[in-house]
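Asker: no FASTA, just this:
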């Protein structure tokens, strides 16, 4: 169940323009790097050309997995040390390998204990010149509005919403960590660093409330559960969703991902997905803010069981076990929805049987 939301009071006026915001917060940028100096270089170049220079860069480098990682990590350290001629840089090197997700959670928690807010950037996310200025203004604008958990520079939303977007930013149920900012008290309140690595407050992917955007989170969580993987961004998305927290995201991305297809990428090593930079605009300098914190696809646009199953059909490799079947049937009362759910479950039984036989052979 979602936590009960707190309605905005009439006195709690939402900001409507970033250009009108001031004085502006000056948070540090938390940069996570590892073994990709050739990607880190253009990120640092972009930071050097920000319209407003960041006050400080706090860089975290995970420890090596093998001896082969050492020269690549050292090359990243040299780049960061050289960057001190541009702005203050603090470099934290892990003595041993923590893994991507654990390293990030610890890094953000460490920074949150020292600063009131922070901006997060990865070593394969190139920011537009306006990035630091816009994110800092967003952090100032929404600091009084406790329902907002994060502000992001990355745009990702269903095409069917585009016609309804009248401002440069919107409220979202999903976290997009390709260049985002948050407030330390809100980050620490979720306490993700103390949660199990496979944390899901909804217990099962089928329990996640389904709307036009969370349907993608549901599919992501299915594959995380199926493959026994971890993903700190999905865990953060679910933790915030369970508390009815929302995120401010732009209509046009003012960051660009350059890491997909890299052999050391955590995901998408085989190439660049068409959608990853679909909404990026190098000229984007967004200003106008949404008049409400209710997502366009919010409670009034929850998915029917039939719509959710249709989305599942488009997700190759997704199936329902008996637990997920029981959960979905408890959520949807209409006969058509239940037929769709049961039909999808029955269709997948031969696939499940084949998988079990293969497991027995191995």
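Answerer: Alright, I've got the coordinates. Not measured: the values here are computed from a predicted model. Numbering: from 1, shown residues only.
Asker: buried set for stretch 284-291?
Answerer: 284-287, 289-290 (16 or more other Cβ atoms under 10 Å). C-beta here means a position set from N, CA and C on the backbone, and glycine is covered the same way.
Asker: what about these, which are in strands?
Answerer: Residues from the buried residues of stretch 284-291 lying in strands, with DSSP state E as the criterion: none.
Asker: so of those, which ones are in helices?
Answerer: Using DSSP state H, no member of the buried residues of stretch 284-291 falls in helices.
Asker: max pairwise distance over those: which two?
Answerer: For those, with distances taken as Cβ to Cβ, the pair at the greatest spread is 285 and 290 (17.3 Å).
Asker: kindly reformat the buried residues of stretch 284-291 as a markdown table containing distance to residue 275 and pLDDT.
Answerer: A markdown table is the format used below for those (distance: Cβ to Cβ, whole Å; pLDDT from 0 to 100):
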| residue | distance to residue 275 | pLDDT |
| --- | --- | --- |
| 284 | 17 | 96 |
| 285 | 23 | 97 |
| 286 | 20 | 98 |
| 287 | 25 | 98 |
| 289 | 25 | 98 |
| 290 | 23 | 97 |
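Asker: possible to save those residues as a markdown table with distance to residue 56?
Answerer: A markdown table is the format used below for the buried residues of stretch 284-291 (distance: Cβ to Cβ, whole Å):
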| residue | distance to residue 56 |
| --- | --- |
| 284 | 25 |
| 285 | 23 |
| 286 | 24 |
| 287 | 26 |
| 289 | 26 |
| 290 | 30 |
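Asker: the stretch 1-150 of the chain: helices as residue ranges?
Answerer: In the stretch 1-150 of the chain, helices defined by DSSP state H, counting those that start in this stretch lie at 37-48, 70-82, 100-112, 131-141, listed in chain order.
Asker: let me see the mean pLDDT of the first one.
Answerer: Averaged across helix 37-48, pLDDT comes to 98.
Asker: what is that helix packed up against?
Answerer: Contact partners of helix 37-48 among helices and strands, from 3 or more Cβ pairs under 8 Å, 6 or more residues apart in numbering; DSSP states H and E: strand 29-33, helix 70-82, strand 125-127.
Asker: next one: it to chain centre, how far?
Answerer: When distances are taken as Cα atoms, centre = their mean, to the nearest Å, helix 37-48 is centred 21 Å away from the chain's centroid.
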